[in-house]
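Novice: only geometry, no sequence info:
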């Protein structure tokens, strides 16, 4: 029961202030002040008789009633829910190892530690001397990655009940909660370890977080090394565990066959990225078909460190900046040019934590390349179309020192002639006009943006975006990771572009509500059924 401590902590001070005011105020305010005093006293009497459903102490109740976070204040002003499409839990390692033992036996958990060395979370750099780092070109990995000084936030990302209680403080109505281990576990090179880790992690997510699904939906991790491996884990996660959102690896590192045969030890350095759309080792269409059948949207959230230019041996920030955008760009471009969105027009895909800048650039570049390099446009570059007579005449008149000692320039001297039919890089997309990009790109793809990303507003810039487009940006808080030093400020930070005039209220509504609803209900209209946002989502879908 809530006792008179509530009165002692807050109401006594409030009433004392009112009593002082009564002695020094005008008659006009006297009645109002007395009514205020009676109201506070009444609240105290009621509180003494009511159990707190969250089991909080009177002091905690009072502190909660007296303080409202910035994010909670922002949410209170909105006429729509706020859906977080990319929050993160922090798994409790010893408990995860329990699950791994249950799934794959007592020795499997001991094999997980070494598996991290092939991922973004490798600690190899810290075990090597400076000379060894240069010798092996070992990429520097993060030093610390989770919030710890803000211990309450650390605990919030670990303990479901605490996160559930604090969602209002964060300004969130509903959260799609991704694993942290899944970002690396899906990339473990050892197949047995990879599959056991993903299976154990998915059971952990479903069982540990399952009772809070009216406001939090935990996400399954699906490894992508082969379509069959992915399908098996996808079916288990959805059909057995009841999960309805999935995280997929954005790529698979595969050895270059010639190098692997001749220099097996070099395969760690000589690899290519399979991004499932073009040039893949396998046909992944059965996986997309299975996603459609099971009504789940693939989300991609892999690291882009350790390949390309992000291989610094001394500076983690150099490796980290832009890396999620880099991996997202690779898989998004592959799915598009591979014709996946043409063959599966109902499918939707999300690419998380990379922001909107890369997506906006990719969208514009794809349109520009199609205009310059579609099948008909390639005729502009066919050497057979050189007007040799005109080129000869112009070279004689204007060639000067360029053609000194020669009669004239011949076309075959400056353009390499290739035999055969040029390939149409857009053949799989079957694009016939610019408007096709609306269906194949804008409608199919959604892009996760963090609260502090200043570029997000450009997604809604129909004046500057090609096709006057409003690109599907979705709010991803990234709570649980170092990007968020204070969970209570995420939604307030996301709202700042509105306060600064860079984003309208309509833009913000699309960012945190409308676009997430379009994404998650595209394949599964019942995605939000039984949640606190069900009614608002139903009203939105009925009007759409």
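Specialist: Noted; the coordinates are in hand. From a predicted model like this one, the values you see are computed outputs, not experimental measurements. Numbers count the residues shown, from 1 in each chain.

Novice: buried set for stretch 202-212?
Specialist: For stretch 202-212, a neighbour-count test (16 or more other CB atoms under 10 Å) marks 202-206, 208-209, 212 as buried. Heads up, the C-betas are built off the backbone N, CA and C, glycines and all.

Novice: can you redo the residues you listed as a markdown table with distance to residue 153, pLDDT and secondary structure?
Specialist: Compiled in a markdown table, those are given as follows (distance: CB to CB, whole Å; pLDDT from 0 to 100; DSSP: H, G, I helix; E, B strand; the rest coil):
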| residue | distance to residue 153 | pLDDT | secondary structure |
| --- | --- | --- | --- |
| 202 | 25 | 98 | helix |
| 203 | 26 | 98 | helix |
| 204 | 20 | 98 | helix |
| 205 | 20 | 98 | helix |
| 206 | 24 | 98 | helix |
| 208 | 18 | 97 | helix |
| 209 | 17 | 97 | helix |
| 212 | 18 | 97 | helix |
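
Novice: give me the number of residues near residue 409?
Specialist: 17 (other CB atoms under 10 Å).

Novice: Considering the buried residues of stretch 202-212, which is situated nearest to residue 112?
Specialist: Relative to residue 112, the closest of the buried residues of stretch 202-212 is residue 204; by CB to CB it sits at 13.2 Å.

Novice: State the distance from the closest residue to that closest one other than its chain neighbours to residue 109.
Specialist: Closest residue to residue 204 apart from its sequence neighbours, by CB to CB, 6 or more residues apart in numbering: residue 99 at 4.9 Å. According to CB to CB, to the nearest Å, residue 99 and residue 109 sit 9 Å apart.

Novice: what about stretch 81-89, distance to the chain center?
Specialist: Relative to its parent chain, stretch 81-89 has a centroid offset of 10 Å by CA atoms, centre = their mean, to the nearest Å.

Novice: what's the answer for stretch 439-452, then?
Specialist: 10 Å.

Novice: Now do it, average pLDDT.
Specialist: Stretch 439-452 carries an average pLDDT of 98.

Novice: repeat for stretch 351-360
Specialist: For stretch 351-360, the mean per-residue pLDDT is 97.

Novice: just checking, residue 289 touches residue 346?
Specialist: No: assessed by CB atoms under 8 Å, residue 289 is found out of contact with residue 346, at 10.6 Å.

Novice: more neighbours, the two?
Specialist: Using other CB under 10 Å, the more surrounded residue of residue 289 and residue 346 is residue 289, with 15 against 12.

Novice: and that one, helix, strand or coil?
Specialist: Recorded secondary structure, residue 289: helix (DSSP: H, G, I helix; E, B strand; the rest coil).

Novice: ok, it to residue 222 distance?
Specialist: For residue 289, the distance to residue 222 - CB to CB - is 15 Å.

Novice: all helices of the stretch 201-350 of the chain, in order?
Specialist: With DSSP state H, counting those that start in this stretch, the ranges of helices along the stretch 201-350 of the chain come out as 227-235, 257-262, 285-294, 316-320, 323-337, 340-343.

Novice: Contacts made by the last one with the rest, please.
Specialist: Translated: helix 340-343. Around helix 340-343, the neighbours that count as contacts under CB atoms under 8 Å, 6 or more residues apart in numbering are 276-277, 284-285, 288, 335, 347, 428-430, 439-441, 444-445.

Novice: Pull out the buried members of those residues.
Specialist: Here, 16+ other CB under 10 Å leaves 276-277, 284-285, 288, 335, 347, 428-429, 440-441, 444-445 buried among those.

Novice: So which of these sit within strands?
Specialist: Residues of these located in strands (DSSP state E): residue 445.

Novice: Going by distance to residue 303, which of the buried ones among the contacts of helix 340-343 wins?
Specialist: residue 276 (16.7 Å).

Novice: need the contact list for that closest one.
Specialist: Residue 276 touches 224, 251, 284, 287, 331, 334-335, 338, 340, counting by CB under 8 Å, 6+ apart.
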